[in-house]
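In: When you get a sec, could you give me coordinates for this:
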Amino acid sequence: MLGVVVAAAMGARAEDEATPPPDGAALYAIYCSSCDSADGRGRTPLAELLREAPPDLATIASRRGGWFPEDLVREIIDGRFVGHGERDMPVWGRTLTRAELDAITDHLHSLQDQALTQAHE
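Out: Sure, this is the predicted structure:
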């Protein structure tokens, strides 16, 4: 019996190791870019139809003195735990896994670096 449990655990671990991590840029392109734009600046035709314009996601860190609030960004994308006001943004936590939410958050973090680099060029 113990052998079966160990074999099953090892098989599940091998599947986890074989599964590549989600591609945050690809997920962002699929789920976010229609409103927030590919560069995160929020300038899209669809964004103009929203009640409130999307924020410039490429400047999250610069608006906070260089700090990127990873947990807050992930919770906003997730949307299930945000307890204020109306939102035009879908509740992605019902659709995406935690790993996918993390990957999109990491992608948004990478956009911060690009925005800072471009500002200093």
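
In: so what's Thr105 up against?
Out: Residues near Thr105 by C-beta atoms under 8 Å, 6 or more residues apart in numbering: Gly24, Glu70, Val73, Arg74, Ile77. Placement of C-beta: from N, CA and C, glycine included.

In: where's it, which helix or strand?
Out: Using DSSP states H and E, Thr105 falls within helix 98-119.

In: What of Leu96?
Out: In the assignment (DSSP H and E), Leu96 maps to no helix and no strand.

In: Can you give me the neighbour number for it?
Out: Neighbours of Leu96 under the rule other C-beta atoms under 10 Å: 20.

In: tell me the helices in this protein, going along the chain?
Out: 2-18, 24-31, 33-36, 70-78, 98-119 (DSSP state H).

In: Which residues are in contact with the residue nearest to the spatial centre of the chain?
Out: In the chain, the C-alpha nearest the mean C-alpha coordinate belongs to Ile104, at 2.4 Å (C-alpha atoms, centre = their mean). By C-beta under 8 Å, 6+ apart, Ile104 lies in contact with Gly24, Leu27, Tyr28, Tyr31, Cys32, Ile77, Trp92, Leu96.

In: before we move on, what about Glu52?
Out: Going by C-beta under 8 Å, 6+ apart, Glu52 touches Asp88.

In: Need the per-residue pLDDT for it.
Out: If you check Glu52, the pLDDT there is 86.

In: swap in Val5?
Out: For Val5, the predicted pLDDT is 44.

In: how about the closest residue to His107 other than its chain neighbours, what does it touch?
Out: The shortest distance from His107 to any non-neighbouring residue, by C-beta to C-beta, 6 or more residues apart in numbering, is to Gly24 (3.3 Å). Applying C-beta under 8 Å, 6+ apart, we find Gly24 in contact with Asp102, Ala103, Ile104, Thr105, Asp106, His107, Leu108, Ser110.
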